[in-house]
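Trainee: What follows is a predicted structure for the sequence shown.
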Amino acid sequence: MSKKILVLTGSARKDGNSNRMAQAFADAAAAKGHDIKVIDTAKLKLNFCHACQTCYKTGKPCSFDDDFNVIAPDILAADALVFSCPVYWYSVPSQIKAVIDKMFSFVIGEKEGFFGKECALITCCEEEDPAILDGVKIPFERTAALNKWTVVGEVLVPGVFSVGDIDKTDGIAQAAALADKF
Ligand SMILES: Cc1cc2nc3c(=O)[nH]c(=O)nc-3n(C[C@H](O)[C@H](O)[C@H](O)COP(=O)(O)O)c2cc1C
């Protein structure tokens, strides 16, 4: 069955390691007949969540109008969300975190379409210790559990720093294989 899969990428680095994996996933998933959209959060104009809880009061998901409101329909319409980003300072990079924070509006707005999706994670970091990836993995898994999303797979690649380092690992192959899980 063809699924509508939204890939949210979170690295501004051209041809970076996470973006290369996200593209490998997107290409493989498209080849399987899925409807794929990739949104590069690093290209969006995004403010932070003000926790005002006035979500949808202006008719838009976020009262502080920015590109989150532009991509919100894509998030709600997706059967599956794939998050792709590196580790920054043992945590989630701010560009994609701003999108994740603003997803709070769907919870406040009680948007049915937001809950019960499938999801997956693609992430990488410089350090060799796989536990470094927990800074992205744990928030992702807890967010999924809260929103009743089913985690179908995770691609977790430590030990990559420079552009091209991903080619010294099986990260691209793992990301392509992730498409088989949807
Ligand atoms: C601002 C910044 C913070 C980073 N923090 C970490 C870190 O805490 N731990 C780590 O292992 N790598 C860290 N890195 C390295 C990146 O995770 C690594 O280079 C990764 O391959 C970048 O992925 P990308 O090419 O998709 O942007 C950091 C990189 C940057 C630019």
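Mentor: Yep, it's here.

Trainee: How about the residues of this structure by the ligand?
Mentor: By the rule Cβ under 6 Å from any ligand atom, the part of the chain lying against the ligand is 11, 13, 16-19, 86-90, 124-127, 132, 160-161. For the C-beta atoms, the positions are set from N, CA and C on the backbone; glycine is no exception.

Trainee: Make a ChimeraX selection of the buried ones in the residues you listed.
Mentor: Buried residues within the residues of the chain next to the ligand, as defined by 16 or more other Cβ atoms under 10 Å, are selected in ChimeraX through the command that follows:
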select :11,16,17,18,19,86,87,88,124,125,132,160
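
Trainee: Let me know whether my guess that residue 155 is in a strand holds.
Mentor: Yes. When classified by DSSP: H, G, I helix; E, B strand; the rest coil, residue 155 is found to be part of a strand.

Trainee: who does it bridge with?
Mentor: Note on residue 155: beta-bridge partners residue 122, judged by DSSP bridges.

Trainee: so how many other residues sit close to it?
Mentor: Residue 155 has 25 neighbours, counted by other Cβ atoms under 10 Å.

Trainee: Could you do the one 4 residues further on as well?
Mentor: Around residue 159 sit 17 other residues, with neighbours defined as other Cβ under 10 Å.

Trainee: Check which helix or strand it maps to.
Mentor: Applying DSSP states H and E as the criterion places residue 159 outside every helix and strand.

Trainee: I figured it was touching residue 126, is that so?
Mentor: Yes. The pair residue 159 / residue 126 is scored as a contact, 7.3 Å apart, by Cβ atoms under 8 Å.

Trainee: Let me see the contact set for the closest residue to the ligand within the chain.
Mentor: Among the residues of the chain, residue 16 lies nearest to the ligand; the distance is 2.6 Å by Cβ to the nearest ligand atom. Residues in contact with residue 16, defined by Cβ atoms under 8 Å, 6 or more residues apart in numbering, are 86, 163.

Trainee: likewise the one 10 residues further on?
Mentor: Residue 26 is in contact with 7, 36, 38, counting by Cβ under 8 Å, 6+ apart.
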